[in-house]
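>>> generate a structure from the sequence data that follows.
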Amino acid sequence: MRATLVVIAAHGTAGVTHRAVAAEAGVPLSATTYWFSSRDDLLEETLRYAARQEIERFERLVLDLAARDLPVSEWAGALAAEMTDELEAHPGRHLAMFELGLEAARRPALRPEAEQVRATHLRLAELGARAAGSDDPAADAPIIVATLSGLIFEQLAAPRADFRERVLGPALSRLFERLTAAAPQLA
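Have a look, this model is predicted:
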């Protein structure tokens, strides 16, 4: 499944074939066809795998940030640093998640996993908003998720070397300042 994610990141879901995945994984073609009877099975299981990985990764990130008890002024910078480091280290993972999300829009069988990822992002954004001092974390969570998703998508589509300093950090600082403006500030 990791090899399938590499293929998806490089060629999109249209590039996923048993042969391409076997070549990427360095295994005989029979290995992929033994475990996955069809291309659809391979894509579905890969989305499930990617969804589990995304959920675990994002839970670790948000729980770590929430445990730091940072003031609002530092929340955005810490989140921007973590997200940028992850994006730089694993751009293919993020490309694959966008591709697989689109695939879920076309394939009802994949929607439960896509929904689980979405629900996790919202739940963890709500936790982050609460830790940052939001007075309505549930209402702010979709704004945070949409902002992060959009900015990550833009970085994947047109990478900028100064993404953290000039785009993500300032955007998140402004967002958190606005979302917590009415709430009492954390020390």
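
>>> in the helix or strand hosting Glu24, what counts as buried?
For Glu24, the host element (DSSP states H and E) is helix 18-25. If you call a residue buried by 16 or more other C-beta atoms under 10 Å, then helix 18-25 has these buried ones: His18, Ala20, Val21, Ala22, Glu24, Ala25. Using the backbone N, CA and C atoms, a C-beta is placed for each residue, glycine as well.

>>> could you export those as JSON lines, including distance to Gln155 and pLDDT?
Formatted as JSON lines, those follow (distance: C-beta to C-beta, whole Å; pLDDT from 0 to 100):
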{"residue": "His18", "distance to Gln155": "32", "pLDDT": "96"}
{"residue": "Ala20", "distance to Gln155": "26", "pLDDT": "97"}
{"residue": "Val21", "distance to Gln155": "27", "pLDDT": "96"}
{"residue": "Ala22", "distance to Gln155": "31", "pLDDT": "97"}
{"residue": "Glu24", "distance to Gln155": "24", "pLDDT": "96"}
{"residue": "Ala25", "distance to Gln155": "28", "pLDDT": "96"}
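
>>> roughly how far does Leu127 sit from Leu63?
Separation of Leu127 from Leu63 (C-beta to C-beta, to the nearest Å): 8 Å.

>>> who has more neighbours, these two?
Leu127 (17 against 13; other C-beta atoms under 10 Å).
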